[in-house]
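Asker: sequence first, predicted coordinates after that:
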Amino acid sequence: MAETDTRILMDHLGALHTTELGKRRMQRNLSLNIEDMVHWCREQMIDPGAVINRVGKNWYIEVNNCRITVNASSYTIITAHRIRQTGDNHRGKIDNIWQQTSEDDLQSKRIWSQQLKH
């Protein structure tokens with residue numbers, strides 16, 4: 001993924017939101033009892049280990065054994081799931097496009113991480 005593609009999502013972290021149903025779905029899928037799921041998702045996205053790809057109308061963020069799905073036009077966090085480590089045959093079309101995060105992507109995430117903390 002080009003660094004500019006990742007930067008688009010990083011530039012819109014403040015626009016991320018979800019619905020009440022989406023929040024409950026993520027809490028259930030990830031077995032988390034966190035009230036502010038949007039904040040939790042933002043923190044995951046700026047993690048240096050996060051791999052961010054856009055496929056069609058959605059962003060897919062894979063980090064810390066989970067996958068977060070964000071609508072690319074509205075920045076609505078749709079869902080998040082744990083990633084099965086073995087025997088996972090349900091990953092679909094994005095399996096073949098995961099790429100190693102470039103150094104530019106990591107630098108963008110570091111900058112955003114610092115800005116969010118201030």
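Answerer: Happy to help now that I have it. What you see is a predicted model; the values in this text were computed from it and never measured. Residues are numbered from 1 along each chain as shown.

Asker: quick check: pLDDT value at residue 7.
Answerer: For residue 7, the pLDDT comes out at 88.

Asker: C-terminal to the helix or strand in which it is found, what's the next element?
Answerer: Counting by DSSP states H and E, the secondary-structure element that holds residue 7 is helix 3-11. Where DSSP H and E defines the elements, the next helix or strand beyond helix 3-11 is helix 20-30.

Asker: and the helix holding residue 7, which residues are buried?
Answerer: Within helix 3-11, the residues scored as buried using 16 or more other C-beta atoms under 10 Å are 6, 7, 9, 10. Quick note: C-beta positions are derived from backbone N, CA and C, even for glycine.

Asker: one more: stretch 58-70?
Answerer: Neighbour-count burial for stretch 58-70 [16+ other C-beta under 10 Å]: 58, 59, 60, 61, 62, 63, 66, 67, 68, 69, 70.

Asker: about what we covered before: which elements pack onto the helix holding residue 7?
Answerer: In terms of contacts (3 or more C-beta pairs under 8 Å, 6 or more residues apart in numbering; DSSP states H and E), helix 3-11 is packed against strand 51-55, helix 103-117.
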